[in-house]
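*Asks:* Take this sequence and fold it.
(4 chains)
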There are 2 protein chains.
Amino acid sequence: MLAISIDDPLPIHDQIIIGLRRLIAAAKVLPGDELPPVRQLAADLGVNLNTVARAYRALETEGLVSSVRGRGTVVLADREAIGGTRKAKAKRFTAAMSNVLAGGKLAGLSRDDAQRIVDQLLDVYWPHHQSR
Amino acid sequence: MLAISIDDPLPIHDQIIIGLRRLIAAAKVLPGDELPPVRQLAADLGVNLNTVARAYRALETEGLVSSVRGRGTVVLADREAIGGTRKAKAKRFTAAMSNVLAGGKLAGLSRDDAQRIVDQLLDVYWPHHQSR
DNA sequence: CGTATTGTATCATACTATGATACAATAGCA
DNA sequence: TGCTATTGTATCATAGTATGATACAATACG
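*Replies:* You can find the predicted model right below:
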């Protein structure tokens, strides 16, 4: 369901956050679904339960999930949860996209390579209805 | 030429690395161009010179620039510098792209929004010849 | 040869990520 | 109700990392 990489310089809890965001955005987990208990996911990933708990809390702050002690953590209704104005969001998106495309360019990918990968992923996060 | 953000959780030297990679990939700085001395860029950004030096060294390890004590740091010829096989590079690119698109989706961007931004940036990093 | 300029190395310090452990709230069952 | 299991939360310790202050070394240039 989720994977982390030990040699990724990104902190583990950030990897968890990003991974769960991807799952939610791709509708692999749906509103109302429960995330695994922190201890279980921590065991699965081989990390400390605090590391998972921290990720859950960050997602809760973003408004993507809701955690209640004793009950668990559930995914909330899909919504525009991440802060800032629409313009600010587009700006952050553009900056992040620039970084990724620059990396691809420097790695030697062709424009067609990049275009193909993007097109494929657009379908993942903004699926066409008939293709499901 | 370059900007860093203090409230970005990403370490400063990583922000510098990413920013310079973007400039190089977008051909805003060309092979043979000199980067500013570490002290100057550090002063411009309001950070320690070691922080800039660390970024320069990382770019040198990637093969993007060459630093020589007493002379400075120059951008090298454009080349497929970042490590790994072609397949590994595409995989990393795909993963990074997924993260960005997922973030855009959760931020409420439409598919057309994302598509528009991507198309625009593709032209930045893989420009059409006649448009220059 | 001497001075300025540039990157590098060393050391100290503050911060952060991660982990070990204990606490608190909810659910569920006898 | 009371007991126990389950779940998230809080506290504390420790290792690692980012950043900075300062000194060193190599190149350029008069």
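*Asks:* mind giving me the domain ranges of chain A?
*Replies:* Chain A breaks down by automatic domain parsing into domains covering A:12-75, A:86-131.
*Asks:* Ok, which of those domains comes nearest DNA strand C?
*Replies:* Proximity to DNA strand C (CB to the nearest atom of the strand) singles out domain A:12-75 among the domains of chain A, at 2.7 Å. Just so you know, the C-beta spots here come from the backbone N, C-alpha and C atoms, and that holds for glycine as well.
*Asks:* how far is that closest one from where the chain is centred?
*Replies:* Chain-centre distance of domain A:12-75: 10 Å, with CA atoms, centre = their mean, to the nearest Å.
*Asks:* Next, see if it gets close to chain B.
*Replies:* Yes - counting by CB under 8 Å from any CB of the partner chain, chain B is contacted by domain A:12-75 at A:14, A:18, A:21-22, A:24-26, A:62, A:64.
*Asks:* residues near A:Val74, how many?
*Replies:* Using other CB atoms under 10 Å in any protein chain shown, A:Val74 is surrounded by 15 other residues.
*Asks:* Tell me how far it lies from chain B.
*Replies:* 16 Å (CB to the nearest CB, to the nearest Å).
*Asks:* Got the confidence number for the nearest residue to that residue once chain neighbours are set aside?
*Replies:* Leaving aside its chain neighbours, A:Val74 sits nearest to A:Glu34 (5.2 Å; criterion: CB to CB, 6 or more residues apart in numbering or on different chains). For A:Glu34, the model assigns a pLDDT of 96.
*Asks:* In stretch A:58-76, which residues are buried?
*Replies:* Using 16 or more other CB atoms under 10 Å in any protein chain shown as the test for burial, stretch A:58-76 gives A:58-59, A:62, A:64-65, A:73, A:75-76.
*Asks:* quick one: which of those is nearest B:Asp8?
*Replies:* A:Ala58 (15.4 Å; CB to CB).
*Asks:* CA atoms of the helix or strand harbouring that closest one as CSV?
*Replies:* If you go by DSSP states H and E, A:Ala58 is part of helix A:49-62. Provided in CSV are the C-alpha atoms of helix A:49-62 (Å, rounded to 0.1, in the frame of the first residue of the first chain):
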residue,chain,number,x,y,z
LEU,A,49,5.0,4.5,15.7
ASN,A,50,5.7,8.2,16.4
THR,A,51,6.9,8.6,12.9
VAL,A,52,3.6,7.4,11.5
ALA,A,53,1.7,9.4,14.1
ARG,A,54,3.5,12.5,13.0
ALA,A,55,2.5,11.9,9.4
TYR,A,56,-1.1,11.3,10.4
ARG,A,57,-1.2,14.5,12.4
ALA,A,58,0.2,16.5,9.5
LEU,A,59,-2.5,15.1,7.2
GLU,A,60,-5.1,16.0,9.8
THR,A,61,-3.7,19.6,9.9
GLU,A,62,-4.1,19.7,6.1
